[in-house]
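predicted model and sequence below, questions to follow.
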Amino acid sequence: MIEKFESKVNDLKKKLGEKNIYLIFFVIFGIVMLFSLVMTNNYKRNRNALMDIYNKSMYELIGYVENTGLNIAKARITTSKSLLIISYSKIATYASLAKSTISSLPLEQDDTEDISKFLSQTSGYFTYLVSKLSKGEDLYEKDIINLNTINDKYTELTKIFKEIYNELCLGKLKWDEVEKVASKKLQGKEIKEDEDLKVLSLSKPFTEYAGLIYDGAFSNHLLNPTPKYLENMKEMSKTDCESIVKKSVESMFLDNKEKYEIEEITFTGESNGKLDIYSYDIKIKNIDDKITVQITKKGAVINLILWELNDKDSKSKNNTQDENNKNVNDEETIKQENEKASKLANKYLEKIGFENLEATYYINLENEVTINFAAVENNVLIYPDLIKVTVDIDKNIIVSIESTGYIFNHTKRKISKNVVSVEEAKTTLAKDINIITSRLCIIPMEDNSEILCYEFKGKIENNYFLIYVNAKTKEEENVLLLLETKGGTLTI
Amino acid sequence: MNLIFGQVAVGAVVMNRVKSPLFPDTIAAVIYQKGQFSCVTDGQINKVISANSTIYKAAQAAINGSDPTSGSLFFYNPKTSKSSWIYTRKKVITIGSHVFAK
């Protein structure tokens, strides 16, 4: 090998002359050196830029946490309700900012989970307090207890952040080390005393933090809700579930029973997560399609079915042309497609035992229409009881169903007849709204509670709105903007 | 194995994390959180999506609330996972070659 190289070099020497060959080598060597210098410089510069971003995020985090703590301390001695509302809003904002800043730091999920939960609950809790005070209500005793818990935790947190701040100022917070120690922990290796960096102990104050319960976002009681629809149902055997799975999948074929037939149903496992379910894989005869079904153990209620269509023709047609096609299709066509899909979906839902549902929103994309169905009781639309069905309007089959909202929320509700009249409710609306429709409905709030409201669909200038007016107190509970997008109507 | 089912499952984990107080509150922050998704760390996320991909439908289904993972927040491939910490999480369901956990 070396001999071959030597002989080649000697050949070149003869061809070009000795001086020239050394010149060429020198130039090549110089280029390589320059190249590595430039690359190393770039690397160092990028690394510094990244460290600067981490340091900036750390300074910001320290600032947000400190501001939250200061405002909490101030709020404790404030008595004026209006000033409290401002203070609590500030606290909620700072806590939320602190939480989002944490995700900019190179810290492992394990070290940030607990503090993230605490900051989320702080933000959610103070938002709930603001909404309470705005309605003129007073704080309950349990609210005061929650406030004290939060205050105590912030005192501990502030101490840790002071130490981190000192490290940062003295240049002792090296992010390289943080990343090394963090990945060591992740691999389950032992950490030495001096390697235990302050910034990795952000979650220490929260080892005994049980969490807060309040009527707002991220509250403890929302983290593990119980499925109301399944409450009085019995746990079913695998065989019972399997026969219901078979019937539910066959119903998806609608009037295409000649084209589709189940070849095999395979039980693929069970899971005990938010819902306790059995999973099944279904193979269709003669084609490559697969259907996966998840059915609840209690009551054998279909939770999720996804049909993976392996039809290559329909896919290529859709992906190259859909942009142009849908612009040509006018509103009328989309409306007809949605209605057709809705009828098919309703037929399917009745077959598998979901009754009294009404279509509310449509998403129309390519050849599939997804319809949101909500339960109806005494002509009141119950939004939390949600089932989504997707229909393939070319093949006229159901391709998916998702019923988590329905399973968690559906019960027979004792809907109060003691409500204000539609006319009275209208008086709270802005004067220049052009009201198009109105109906009674039940809407979910952020803390999963429900309110009976009048839903008014109205138009101001060129914008469509949905306004929800509490049917008992006439208070405006929510306002949603209706945005028309390519696929359907978005409520925001 | 139903491919779109696995894709919806991964999408559902992202959505579950957004809803959870333990993780960042936006889809972008959850996806780009350092070290959480290997396809982000190694740049695969920036690749062009192929024409016949089921990814868009899977993503839409996940956003619509389809959750085959029953509330899971983590997933890993037991054959290739390098982290011993992830095994401490409670297992919920196995879909394809991945275990989903809380």
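Arrived safely, thanks for sending.

chain A: strands as residue ranges?
Under the criterion DSSP state E, chain A contains strands at A:262-272, A:276-284, A:290-296, A:302-308, A:357-365, A:368-377, A:380-392, A:397-402, A:434-444, A:450-460, A:463-470, A:476-484, A:489-491.

over to chain B?
So, for chain B - with DSSP E - the strands run B:74-76, B:91-95, B:98-101.

A:I284: which of these is closest?
strand B:91-95 (19.6 Å; Cβ to Cβ). Using the backbone N, CA and C atoms, a C-beta is placed for each residue, glycine as well.

on that earlier part again, which one of the strands of chain A lies nearest to chain B?
For chain B, the closest of the strands of chain A is strand A:262-272, at 3.4 Å, according to Cβ to the nearest Cβ.

got the angle for the closest one vs strand B:91-95?
Per axes from the mean of the first three to the mean of the last three Cα atoms, to 10 degrees, the angle that strand A:262-272 makes with strand B:91-95 is 160 degrees.

residue 100 - how many residues pack around it?
By default, I'm working from chain A. Using other Cβ atoms under 10 Å in any protein chain shown, A:S100 is surrounded by 18 other residues.

oops, chain B please
Count around B:F100 with other Cβ under 10 Å applied: 26.

contacts only, for the nearest residue to it once chain neighbours are set aside.
Of all residues not flanking B:F100 in the chain, B:S72 sits nearest, at 3.8 Å (Cβ to Cβ, 6 or more residues apart in numbering or on different chains). Contacts here follow Cβ atoms under 8 Å, 6 or more residues apart in numbering or on different chains; on that basis B:S72 touches A:G273, B:A9, B:A12, B:V13, B:N16, B:V92, B:I93, B:F100, B:A101, B:K102.

same thing but 6 Å
Taking Cβ atoms under 6 Å, 6 or more residues apart in numbering or on different chains as the criterion, B:S72 is in contact with B:V13, B:V92, B:F100, B:A101, B:K102.

list just the nearest of the residues you listed to chain A.
Using Cβ to the nearest Cβ, those come closest to chain A at B:V92, 3.9 Å.

and the closest residue to that closest one other than its chain neighbours, how many neighbours?
Once flanking residues are discounted, B:V92 sits nearest to A:G273: 3.9 Å by Cβ to Cβ, 6+ apart. By the criterion of other Cβ under 10 Å, A:G273 has 21 neighbours.

okay, now the residue of chain B found nearest chain A: neighbour count?
When scored by Cβ to the nearest Cβ, chain B has B:S70 as its residue closest to chain A, at 2.8 Å. Residues lying near B:S70 (other Cβ under 10 Å) number 24.

just to check, it is in contact with A:G273?
Yes: assessed by Cβ atoms under 6 Å, B:S70 is found in contact with A:G273 at 2.8 Å.

which residues do these two both contact?
Joint contacts of B:S70 and A:G273 (Cβ under 6 Å, 6+ apart) are B:V92.

hmm, back to that, for the residue nearest to B:F100, give me phi and psi.
phi -70, psi 150 (degrees, to the nearest 10).

what sits against residue 89?
I'll assume chain A. Counted by Cβ under 6 Å, 6+ apart, A:S89 has contacts A:V130.

correction: the question concerned chain B.
Contacts of B:R89 by Cβ under 6 Å, 6+ apart are B:F74, B:A101.

distance of it relative to A:N224?
In this view, B:R89 and A:N224 are 16 Å apart by Cβ to Cβ, to the nearest Å.

likewise B:Q7?
In this view, B:Q7 and A:N224 are 27 Å apart by Cβ to Cβ.

which of these two has more neighbours?
The residue with more neighbours, out of B:Q7 and A:N224, is B:Q7; 22 against 8, by other Cβ under 10 Å.

please name the nearest non-neighbouring residue to the more buried one.
Excluding the flanking residues, the one nearest B:Q7 by Cβ to Cβ, 6+ apart is B:A58, at 3.5 Å.

do the same with A:N303
A:Q294 (4.7 Å).

neighbours of residue 31, how many?
Picked chain A for this. As a burial measure, A:I31 scores 10 neighbours (other Cβ under 10 Å).

oops, chain B please
A count of nearby residues for B:I31, using other Cβ under 10 Å, gives 16.

and the longest helix belonging to chain B, what does it pack onto?
What stands out as the longest helix in chain B, according to DSSP state H, is helix B:3-19. Using 3 or more Cβ pairs under 6 Å, 6 or more residues apart in numbering or on different chains; DSSP states H and E, the elements in contact with helix B:3-19 are helix B:27-32, helix B:55-63.

would you mind writing the CA trace of it as CSV?
C-alpha atoms of helix B:3-19 as CSV (Å, rounded to 0.1, in the frame of the first residue of the first chain):
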residue,chain,number,x,y,z
LEU,B,3,-49.6,2.8,10.2
ILE,B,4,-51.9,5.7,10.6
PHE,B,5,-52.8,4.4,14.0
GLY,B,6,-49.2,4.7,15.1
GLN,B,7,-49.0,8.2,13.6
VAL,B,8,-52.1,9.4,15.4
ALA,B,9,-50.7,7.9,18.6
VAL,B,10,-47.6,10.0,18.4
GLY,B,11,-49.7,13.1,17.6
ALA,B,12,-51.9,12.3,20.5
VAL,B,13,-48.9,12.3,22.8
VAL,B,14,-48.0,15.8,21.6
MET,B,15,-51.6,17.0,22.3
ASN,B,16,-51.7,15.3,25.7
ARG,B,17,-48.5,17.1,26.6
VAL,B,18,-49.9,20.5,25.6
LYS,B,19,-52.9,19.9,27.8
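
what distance do you get for the residue nearest to A:A430 when sequence neighbours are not counted to A:N338?
Nearest residue to A:A430 in three dimensions, chain neighbours excluded: A:I460, at 7.3 Å (Cβ to Cβ, 6+ apart). A:I460 is 25 Å from A:N338, where distance means Cβ to Cβ.

neighbour-wise, which of these two wins?
A:N338 (21 against 11).

show me the contacts for that one.
A:Y362, A:V369.

check the burial of the nearest residue to B:Q44 once chain neighbours are set aside by counting its neighbours.
Distance criterion Cβ to Cβ, 6+ apart; nearest residue to B:Q44, sequence neighbours excluded, is B:S38 at 8.0 Å. Using other Cβ under 10 Å, B:S38 has 14 other residues around it.

confidence score at B:S38?
pLDDT recorded at B:S38 is 86.

tell me how many other residues crowd the residue nearest to A:N303.
28.

tell me the residues of the stretch 201-350 of chain A that contact chain B?
Neighbours of chain B within the stretch 201-350 of chain A, by Cβ under 6 Å from any Cβ of the partner chain: A:218, A:269, A:271, A:273-275, A:290, A:292, A:304, A:306, A:308, A:315, A:319.

quick one: the helices in chain A, in order.
Going by DSSP H, chain A shows helices at A:2-16, A:18-76, A:81-102, A:109-134, A:141-169, A:175-186, A:220-223, A:238-252, A:312-328, A:331-351, A:404-409, A:422-426.

touching chain B at all, the fourth one?
Pointing back at helix A:109-134 there. Yes: applying Cβ under 6 Å from any Cβ, one finds helix A:109-134 touching chain B at A:E113, A:S116, A:K117, A:S120.

give the contact list for the first one.
Listed by Cβ under 6 Å, 6+ apart, the contact set of A:E113 reads B:L22.

relative to A:L107, how far out is it?
In terms of Cβ to Cβ, A:E113 sits 10 Å off from A:L107.

what stretches of the chain score poorly on pLDDT?
In the absence of a named chain, this looks at chain A. A:186, A:188, A:191, A:193-196, A:311-329 (pLDDT under 70).

that's the wrong chain, I wanted chain B
For chain B (pLDDT under 70), the answer is B:1-2, B:51-52.

can you list the residues of it near chain A?
So chain B meets chain A at B:2, B:4-5, B:21-22, B:24, B:29, B:33-34, B:51-52, B:64-66, B:68, B:70-71, B:83-85, B:92-94 (Cβ under 6 Å from any Cβ).

and the gap between the closest residue to chain B within chain A and A:R47?
Chain B sits closest to A:G273 of chain A, with a gap of 2.8 Å, by Cβ to the nearest Cβ. From A:G273 across to A:R47, the span is 41 Å (Cβ to Cβ).
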